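**Q** Sequence and predicted model, in that order:
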Amino acid sequence: MAKSATVFKAELQIADMERHYYADHAMVLARHPSETDERMMVRLLAFVLHASEDLEFTRGLSADDEPALWVKSLSGEIETWIEVGLPDERRVRRACHRAKQVFVYAYGGHAAQLWWEKNARDLARFDNLQVIELPQQATRELEALVARTMRLQCTLQDGQLWMGDGEHTVLVEPLRRYAGKGAERV
């Protein structure tokens, strides 16, 4: 019998000083059986970086044609496509053709660096793409915040993200590897 997804609840208090976005979000996260705590927390971090009322988690690992998160217009067009991990170059290319803005949050330390070196030339032609690398130490520290019910305070300022639960606080300093000419900043 196949394992089912594990359900987590998260309450986020977001103070994004850069976008002047201040809001609370309550959500339910389904962690696919093959997903690690680290990847789930990177998805949550990506949500914080792009938080809006229209941002949604997708079926993710359960669907080959959907990203980790997206924003869709009322007419069903994909406004923002957000991938986490080290996606195949063809997947990113398809995303760039389907969405107005595409973000890839690469993580995994040396593996993320190698992925970028391998794909940089092919991906650099997309003006609607941004590739952001997350430091491995930070993404691993995010695992300390994992609980079936999470209450997290998230503050973004000066290119830094602080995420904490009252006992632990993690500093994440994303490294922008690539931002196309038409790419909006986060």
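**A** That came in fine, so what should we check first?

**Q** how near is residue 96 to residue 178?
**A** 12 Å (C-beta to C-beta, to the nearest Å). Any C-beta I mention is one placed from the backbone N, CA and C, and that applies to glycine too.

**Q** if I look at those two, which residues touch both of them?
**A** residue 129 (C-beta atoms under 8 Å, 6 or more residues apart in numbering).

**Q** so how far is the first residue of stretch 65-84 from its last?
**A** 14 Å (C-alpha to C-alpha, to the nearest Å).

**Q** ranges for the helices of the chain?
**A** 37-50, 89-98, 110-123, 136-142 (DSSP state H).

**Q** what's the first one in contact with?
**A** Taking contacts as C-beta under 8 Å, 6+ apart, the residues outside helix 37-50 that touch it are 8, 10, 12, 14, 16, 25, 27, 29, 31, 55, 57, 60, 68-69, 71, 80, 82, 84-85, 103, 105, 107, 134, 139-140, 142-143, 145-146, 152, 154, 156, 161, 163, 172, 174, 186.

**Q** and with 7 Å instead?
**A** 10, 12, 14, 29, 31, 55, 57, 68-69, 80, 82, 84-85, 105, 107, 134, 139-140, 142-143, 145-146, 154, 161, 163, 172, 186 (C-beta atoms under 7 Å, 6 or more residues apart in numbering).
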